[in-house]
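[1] can't give you the sequence, but here's the structure:
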């Protein structure tokens with residue numbers, strides 16, 4: 001009986017070892033990226049284990065991790081966002097990328113063009129609405145004798161100009177409302193009462209004549225349009241500045257992800273060590 005048991009032990013050990021190896025192969029094949037949830041079998045974009053995370057959060061594509069490090073703010077460049085451990089960053093010296101400035105300009109031009117197209121779409125929609133409300137051209141014919149008679153002869157430029165004026169008038173109106181609401185929220189209730197009091201007595205000068213009423217409406221729209229131009233200029237300046245900062249920041253961090261490469265720690269996590277000069281540089285950039 002003992003001889004039979006000893007004869008069967010190597011076979012049982014081989015069977016358990018085979019099951020263990022098969023299980024490891026199955027786990028490795030089932031591993032997927034924790035960001036894109038895709039398996040990593042490509043040669044240049046395999047899965048790495050950069051931190052202490054285990055289970056389904058252990059592996060991540062290098063490209064996905066570098067993209068995450070570039071777009072996220074704060075210490076996500078050098079630390080795991082889940083387990084908060086620091087990555088092992090290997091410094092790799094790179095030559096100056098001459099195409100970086102070109103990509104920066106293209107990205108900025110793309111965003112500005114998209115904003116410009118969105119504004120033009122809004123102006124075209126307002127112009128089409130004005131054209132539909134003025135099918136018989138009564139409003140357009142009122143400007144046949146004025147200095148805008150050239151525009152009034154052709155409906156497309158005329159209603160486009162109407163769309164421009166109304167668009168800037170709406171910008172001025174919303175900007176004024178936002179400004180007044182901001183000011184009123186920072187003041188006391190007595191000032192708010194004094195501010196609203198003249199509004200009740202302002203409607204006593206209304207005219208019964210329709211022409212005078214339409215002229216007053218046009219003047220009010222022009223006044224709001226002038227305010228809208230001012231608000232639009234300020235908003236455009238702020239928007240362009242933020243677009244420039246955003247793309248410059250992201251492109252700079254993308255270049256840094258190529259310079260500071262995250263190492264694969266699949267065999268086990270150890271305390272990271274880094275050159276003090278590079279560590280000081282990342283801390284100055286608020287990336288560590």
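    Alright, I've got the coordinates. Everything numeric in this text was worked out from a predicted model, so none of it was measured. Numbers count the residues shown, from 1 in each chain.
[2] and the residue nearest to residue 251 when sequence neighbours are not counted, what helix or strand is that in?
    Leaving out its chain neighbours, the residue that sits closest to residue 251 by CB to CB, 6 or more residues apart in numbering is residue 104, at 5.5 Å. (Each C-beta comes from the backbone N, C-alpha and C, glycine too.) Following DSSP states H and E, one finds residue 104 within helix 99-133.
[3] packing partners of that helix?
    If contacts are counted by 3 or more CB pairs under 8 Å, 6 or more residues apart in numbering; DSSP states H and E, helix 99-133 sits against helix 155-185, helix 210-259.
[4] for that helix, buried residues please.
    104, 107-108, 111, 123, 126-127, 130-131 (16 or more other CB atoms under 10 Å).
[5] relative to helix 210-259, how tilted is it?
    Counting by axes from the mean of the first three to the mean of the last three CA atoms, to 10 degrees, helix 99-133 points 160 degrees away from the direction of helix 210-259.
[6] highest mean neighbour count out of the helices and strands packed on helix 99-133?
    The highest average neighbour count among the helices and strands packed on helix 99-133, using mean count of other CB atoms under 10 Å, belongs to helix 155-185 at a mean of 16.
[7] from the chain's centroid, how far away is that helix?
    Offset of helix 155-185 from its chain centre (CA atoms, centre = their mean, to the nearest Å): 25 Å.
[8] could you check the pLDDT of residue 50?
    Looking at residue 50, its pLDDT reads 90.
[9] what residues go with each domain of the chain?
    Domain assignment for the chain, taken from automatic domain parsing, gives 28-88+263-284, 99-198+209-251.
[10] I'd like the ones you listed laid out as TSV, including distance to residue 257.
    Below are these laid out as TSV (distance: least, CB to CB, whole Å):
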stretch	distance to residue 257
domain 28-88+263-284	4
domain 99-198+209-251	11
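[11] worst mean pLDDT among the ones you listed?
    When I compare those, domain 99-198+209-251 is least confident, with a mean of 78.
[12] residue contacts, the residue positioned nearest the centre of the chain?
    A centroid search over the chain (CA atoms, centre = their mean) returns residue 246, at 8.5 Å, as the residue closest to the centre. Residues near residue 246 by CB atoms under 8 Å, 6 or more residues apart in numbering: none.
[13] about what we covered before: nearest to residue 79, out of the helices and strands packed on helix 99-133?
    Proximity to residue 79 (CB to CB) singles out helix 210-259 among the helices and strands packed on helix 99-133, at 13.8 Å.
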